[in-house]
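Sharing a model prediction with you, sequence too.
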Number of protein chains: 4
Amino acid sequence: MASGTRDVEVDGAGGSARQHHGNRHGRSEQARLAVLEAADDLLAEKGFAGVTMEGIAGRAGVAKQTIYRWWSTKTDVLLDAFLQDAAEDLTPPDSGDLAHDLRDYLRRLAHFLAESDSGAVFRALIAQAQHDPAFAVDFRARWLDPQRRRDHLSLERAVHSGRLPADLDIATETDQLVGPLYYRVLVTADPVDHAFTDRLVETFLRRHPSSTPEAS
Amino acid sequence: MASGTRDVEVDGAGGSARQHHGNRHGRSEQARLAVLEAADDLLAEKGFAGVTMEGIAGRAGVAKQTIYRWWSTKTDVLLDAFLQDAAEDLTPPDSGDLAHDLRDYLRRLAHFLAESDSGAVFRALIAQAQHDPAFAVDFRARWLDPQRRRDHLSLERAVHSGRLPADLDIATETDQLVGPLYYRVLVTADPVDHAFTDRLVETFLRRHPSSTPEAS
Amino acid sequence: MASGTRDVEVDGAGGSARQHHGNRHGRSEQARLAVLEAADDLLAEKGFAGVTMEGIAGRAGVAKQTIYRWWSTKTDVLLDAFLQDAAEDLTPPDSGDLAHDLRDYLRRLAHFLAESDSGAVFRALIAQAQHDPAFAVDFRARWLDPQRRRDHLSLERAVHSGRLPADLDIATETDQLVGPLYYRVLVTADPVDHAFTDRLVETFLRRHPSSTPEAS
Amino acid sequence: MASGTRDVEVDGAGGSARQHHGNRHGRSEQARLAVLEAADDLLAEKGFAGVTMEGIAGRAGVAKQTIYRWWSTKTDVLLDAFLQDAAEDLTPPDSGDLAHDLRDYLRRLAHFLAESDSGAVFRALIAQAQHDPAFAVDFRARWLDPQRRRDHLSLERAVHSGRLPADLDIATETDQLVGPLYYRVLVTADPVDHAFTDRLVETFLRRHPSSTPEAS
DNA sequence: CAGTAATCGAGACGGTACGTCTGGTCTTCGG
DNA sequence: CCGAAGACCAGACGTACCGTCTCGATTACTG
């Protein structure tokens, strides 16, 4: 499952990226990247149904067997491609101002889910997770769980610094913050603009007045 | 698209259940039901990928062409089947007690989404809607929009009766109530128990204290 | 196995060759012919190894599944194509003059085996029969046995008319007439010219002087 | 092509069977033998189609590259294996009695072709020669030509000793002796028993009465 | 007695074809 | 005209081998 993990540590000293096309020291980095990029491109161009193992192989200039050697399904390829791309910052800021941090984070999350290229891949993968429980497990372990940990960060910091009560149910609170966002993206297709995300934050803050010292 | 509409009125009064297998007077109700049931069964037994036009035809004892004549895709069949089954009550109660009504409704919605057979079909369909924009439009028109109208009912009533302010942003408020629920069902797969749904309601009520006169 | 048999009797009355592309009344004659021709062409152009199911399908403008529906292997296709083509005259003449008839027949057989297009297919098939016992059985039943019956005809007639003894071992005698011919074609690749085939006949006649009345 | 020629002289006297797995001077005899044996075994077990380069490599415990280094095709491997095994005596006896020698030789040839293990390989190779002209040339040079020289020996001796006329067309006469035999083995699959081979010899002798002085 | 050159097992690589499966379309017949 | 039947073209599926390649280890000649 965790197929895409790079187990090739090339080039000890000073290494230029020596390219090997398949030898006893493992897989071809070149082929790996070509596959991931081809899969991404196909999803963008033709949608999920347009992503086929054969199509990926053809576009990547790679043999089908090479794909099957390292990935089990096309969804597995897409997950790898997604993880590689989505390494971009979805980490919440830490300005010290909880309100600001939450607003900023939710806006970025909304943009990621609804408008970015990676978001399109995300929606395809979360859809696939509904159909395929095994993939769902994998997807949650490799993306959703880490992402939820990032979601929790701002509140955790605020609890630590005493601005929020120690007994705060962080999981549920976070679900109330991000849930409506996912709901709009996945279900209603309503726009998720700043007004909406800011409103979610405002609702949260009103619920926990202690967190906004200036509210006194 | 809106293919499954029944244009055959089966046997008014006194009629013996004439079964026609294909005659010059309209489609076979028998075939229609067999197809919908077969699709449902296949989804339950083998999951979404196990539902194929060929499989449905075989199990329903119906020719493929008959299916294609009335539905465009397997998702379209499933949508019809879903609408037929999910006619069960997801209408919010109207006891006069907003808190109670919301609690009750969210519990029933949670059960529907996460545990019922129809919920499984729903998840498959919402997944397909991510992949197929045309289907998404159809699905929203035929299920999601009516469902959202049901979602709004309790709050609308409360606004009408003056227990909630007239300028309440019902859409956003509702998204905050049901969004976390969909999020758990579709994304995190966390359980959606009564504690969670009640908490969502409680949060809403705290945000609008006027609605609970007895809270004084 | 006997896959290529035409089981389609089209057109009751007065029929113009109505062409159907697949309906409940059996296979498409058009597809059948296209497949056989494509297989023949490929063998001629690229040799046995160049005949592939995929290649046949592509050239014939036919789906692979259609080929597999009616033939089990590429060899099976080639056998059908061969039988269709090789219906040409390999029937021994009946001039009343045994010597002349044998000479004529062996010359024609030699030409068929060594030089004709059909002969090339024959050599490919007899080769395949060495590798594949099941095909060998089929090939013998559908071509070799009928062919051997034709081989026997001249001698049988001569026995009937009393020019050859009634207890003649026709099978063995025939093997001695045609065996060396096949041997040269399949094994040594030596030329099989008239001098050679005439010599075989002469040898036979010398062995049975009674058959040549003028030899008295 | 003539790839399998042994250019390694294995261990003269006194040598312990030193095994080298690759060194600068010459190939591994061990690998060579393992390959030939694996090829033979596979042919016996799974038939010609079951012999693959990959299968040979796997069973012989040898890298594919090692096979390709010394042989060009799987048929080439089989030819080598065949030549190594078929070194058994197909040399005609020289008892002084032509009739006896021919009878004995044809019986042994028949047994070789139709019943021995080597005969099975021979049939596979002659089949391959039909498909592959380049291999046909190689096969003829390395086996068939020497074999035909052996076929000619008895008659040549008889000509030399004057028991057969000096102008005897040995090639054609031999083809008449062995041709029917190959015909039965390769084409008709009829049994080639002693009755049949003796009959061929008898026919020959009757044609050349001078060769059997005692026949007076 | 190091350096070098050839072979070895291993196995990844780009390909081609395999035989199977499903998707949609089309054509015919009986009711 | 509808429904059953099923052949048709199309094309993706996942597998098996092909023949090429690159690698580290091994070994025996060379300088």
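Sure, I can see it.

Please make it C-alpha for all contacts and neighbour counts, starting now.
Will do.

Just give me the neighbour total for the residue in chain A positioned nearest to chain C.
As assessed by Cα to the nearest Cα, chain C sits closest to A:E54 within chain A, at 16.1 Å. By the criterion of other Cα atoms under 10 Å in any protein chain shown, A:E54 has 14 neighbours.

ditto for the one 3 residues further on
In terms of burial, A:A57 registers 20 neighbours under the definition other Cα under 10 Å.

again, but for A:A49
Neighbours around A:A49, by other Cα under 10 Å: 11.

pLDDT at A:S210, what is it?
pLDDT, A:S210: 69.

Roughly how far does the residue of chain A closest to chain C sit from C:L205?
Distance of A:E54 to C:L205, given as Cα to Cα, to the nearest Å: 66 Å.

Check A:L78 too.
For A:L78, the distance to C:L205 - Cα to Cα - is 80 Å.

Over to A:P146?
Distance, A:P146 to C:L205, using Cα to Cα: 95 Å.

Looking at these two, which has the bigger crowd around it?
Taking other Cα under 10 Å, A:P146 and C:L205 do not tie; C:L205 has more neighbours (17 against 12).

next one: phi and psi at the more buried one?
Per-residue torsions, C:L205: phi -70, psi -40 (degrees, to the nearest 10).

That one touches C:A99, doesn't it?
Yes. With contact defined as Cα atoms under 8 Å, C:L205 and C:A99 form a contacting pair (7.4 Å).

Show me the shaky parts of chain A.
Filtered on pLDDT under 70, chain A yields the residue ranges A:1-25, A:210-216.

So the residue nearest to A:P180 when sequence neighbours are not counted versus DNA strand E, what's the distance?
Closest residue to A:P180 apart from its sequence neighbours, by Cα to Cα, 6 or more residues apart in numbering or on different chains: B:G179 at 4.0 Å. Using Cα to the nearest atom of the strand, to the nearest Å, we find B:G179 at a distance of 32 Å from DNA strand E.

so which helix or strand takes in B:G179?
helix B:170-183 (DSSP states H and E).

Next, the angle from that helix to helix A:170-183.
Taking axes from the mean of the first three to the mean of the last three Cα atoms, to 10 degrees, one finds helix B:170-183 and helix A:170-183 inclined to each other by 110 degrees.

For stretch A:79-99, which outside residues touch it?
The contact list for stretch A:79-99 (Cα atoms under 8 Å, 6 or more residues apart in numbering or on different chains) reads A:4, A:36-37, A:39-40, A:101-102, A:104-105, A:108-109, A:118, A:121-122, A:125, A:139, A:143, A:150-151, A:153-155, A:158, A:201, A:205, A:211-212.

Can you confirm whether that stretch lies near DNA strand F?
No. For stretch A:79-99, no contact with DNA strand F is found by Cα under 7 Å from any atom of the strand; the gap never falls below 14.9 Å.

what about that stretch, how long is it end to end?
Distance between the boundary residues of stretch A:79-99 (Cα to Cα) amounts to 33 Å.

before we move on, the earlier item: A:L186 is in contact with the residue nearest to A:P180, correct?
No. Using Cα under 8 Å, B:G179 makes no contact with A:L186, being 10.1 Å away.

Which residues are in contact with each of these two?
Here B:G179 and A:L186 share no contacting residue, scored by Cα under 8 Å, 6+ apart.

And the helices in chain A?
Using DSSP state H, the helices found in chain A span residues A:29-46, A:53-60, A:64-70, A:74-85, A:98-114, A:117-131, A:133-139, A:145-160, A:170-183, A:194-207.

among these, which is nearest C:D169?
Minimum separation from C:D169 across the helices of chain A (Cα to Cα) falls at helix A:64-70, 59.5 Å.

check whether that closest one contacts chain D.
No. Helix A:64-70 is not in contact with chain D by Cα under 8 Å from any Cα of the partner chain; minimum separation 15.7 Å.

List the buried residues for that helix?
Of all the residues in helix A:64-70, those buried under the rule 16 or more other Cα atoms under 10 Å in any protein chain shown are A:67, A:70.

what helices or strands is it leaning on?
Packed against helix A:64-70 by the contact rule (3 or more Cα pairs under 8 Å, 6 or more residues apart in numbering or on different chains; DSSP states H and E) you find helix A:53-60.

so how far is the helix it packs on off the chain centroid?
Here helix A:53-60 is found 24 Å from its chain centre; the criterion is Cα atoms, centre = their mean, to the nearest Å.

again, but for stretch A:55-74
The chain centre lies 23 Å from the centre of stretch A:55-74; the measure is Cα atoms, centre = their mean.

Pull the residues that contact that stretch.
Stretch A:55-74 is contacted by residues A:1, A:3-4, A:31, A:34-35, A:37-39, A:42, A:51-54, A:77 when judged by Cα under 8 Å, 6+ apart.

try it again with 7 Å
By Cα atoms under 7 Å, 6 or more residues apart in numbering or on different chains, the residues outside stretch A:55-74 that reach it are A:3-4, A:31, A:34-35, A:38-39, A:52-54, A:77.

With distance to B:D169 added, can I get those residues in TSV?
Converted to TSV, those look like this (distance: Cα to Cα, whole Å):
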residue	distance to B:D169
A:S3	47
A:G4	46
A:A31	52
A:A34	48
A:V35	47
A:A38	44
A:A39	41
A:T52	44
A:M53	47
A:E54	49
A:V77	42
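
Cross-check the residues you listed against DNA strand E and keep the overlap.
A:A31.

any idea which of the contacts of stretch A:55-74 has the most stuff around it?
Neighbour counts for the contacts of stretch A:55-74 peak at A:A39, which has 30 neighbours (criterion: other Cα under 10 Å).

Run through the residues of chain A sitting next to chain B.
With Cα under 7 Å from any Cα of the partner chain as the criterion, chain A comes near chain B at residues A:47-48, A:123-124, A:126-128, A:130-131, A:175-176, A:179-180, A:182-183, A:187, A:207.

Got a quick ChimeraX command for the buried subset of these?
If you want just the buried ones from these in ChimeraX, going by 16+ other Cα under 10 Å, the selection is:
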select /A:47,48,123,124,126,127,128,130,131,175,176,179,180,182,183,187
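
Check the gap between A:A120 and C:R157 for me.
Using Cα to Cα, one obtains 83 Å as the distance from A:A120 to C:R157.

out of these two, which sits in the busier spot?
Taking other Cα under 10 Å, A:A120 and C:R157 do not tie; A:A120 has more neighbours (21 against 15).

can you pull the contacts of the residue nearest to A:Q176 when sequence neighbours are not counted?
With Cα to Cα, 6+ apart as the criterion, A:Q176 has its nearest non-adjacent residue at 5.4 Å, and that residue is B:P180. Listed by Cα under 7 Å, 6+ apart, the contact set of B:P180 reads A:175-176, A:179-180.

which of those lies closest to DNA strand F?
A:G179 (32.5 Å; Cα to the nearest atom of the strand).

The closest one contacts B:L177, doesn't it?
No. Between A:G179 and B:L177 there is no contact under Cα atoms under 7 Å: 9.3 Å.

returning to that earlier point: buried ones among the contacts of stretch A:79-99?
Of those, these count as buried by 16+ other Cα under 10 Å: A:4, A:36-37, A:39-40, A:101-102, A:104-105, A:108-109, A:118, A:121-122, A:125, A:139, A:151, A:153-155, A:158, A:201, A:205, A:211.

Done for today, thanks.
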